[in-house]
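*Asks:* need a structure here:
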Amino acid sequence: MAQEWNIRPRGHVCTICNQPLVDKGPCVSVLRETPEGYERMDCHAECWKGLERDWEPFSAWEGIYETPAPASQKVEHVKKENAEELLRHLITLEDPAMSQVVYVLAVMLERGKILVERDAKPHESGGILRVYEHRRSGDTFVVLDPKLRLDRLGEVQQQVVALLSGTHALTQPAAEQAPQTSVL
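*Replies:* Alright, predicted model coming up:
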């Protein structure tokens, strides 16, 4: 299956019984592979345990559902917000040339306790598909770990810094950008 995937928010109603998820209650989140792509399910732990199915989930994890806070109560650090916004933007572009930058941003946010890794699966490209969940919102991110080589890490870090600082703008996918020439 192709890696095309956009961020999927956590549901607030059980996919199985259609009842609201309970604040601070256990919930199960599931990614299911379908011919159309990945489908996300969020459900009560009891509903998931009792569900008869003839399919295996691509990924499943248990967590605690937290009712989202009103927008006025959300307080986040500016740098983490910028890294998170950049990650969300790059994922929606689906530009394979930015896969290493996307991965580095995801790792940054994981280390910053914004994202938590929920699962990892081998990918046909030789990399690893990592399933991350946003700790507060419950949004799911599927990120390809391109097995970044250590000798390329500095270059990718410079790209990330340039994008976060605003010295490099993302106007089109990197693969389509015209090569830069210098005048001697």
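
*Asks:* from now on I want contacts and neighbour counts done on CA atoms only, so please keep to that.
*Replies:* Noted.

*Asks:* three-state assignment of the residue nearest the centre of the chain?
*Replies:* By CA atoms, centre = their mean, the mean C-alpha position of the chain lies nearest to Phe141, the distance being 1.7 Å. Secondary structure state of Phe141, per DSSP: H, G, I helix; E, B strand; the rest coil, is strand.

*Asks:* domain-wise, how is this structure divided?
*Replies:* Here the domain parsing of the chain from automatic domain parsing is 7-67, 72-167.

*Asks:* would you format these as JSON lines with mean pLDDT included?
*Replies:* Putting the domains of the chain into JSON lines (pLDDT from 0 to 100) gives the following:
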{"stretch": "domain 7-67", "mean pLDDT": "90"}
{"stretch": "domain 72-167", "mean pLDDT": "83"}
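
*Asks:* all helices of the protein, in order?
*Replies:* With helices called from DSSP state H, the chain shows them at 45-50, 78-93, 99-111, 150-165.

*Asks:* of these, which stretch is the most buried?
*Replies:* helix 99-111 (a mean of 20; mean count of other CA atoms under 10 Å).

*Asks:* got the contact list for stretch 150-158?
*Replies:* 100-101, 104 (CA atoms under 8 Å, 6 or more residues apart in numbering).

*Asks:* quick check: of the residues you listed, which lies closest to Trp61?
*Replies:* Within the contacts of stretch 150-158, proximity to Trp61 (CA to CA) peaks at Val104, which comes in at 23.1 Å.
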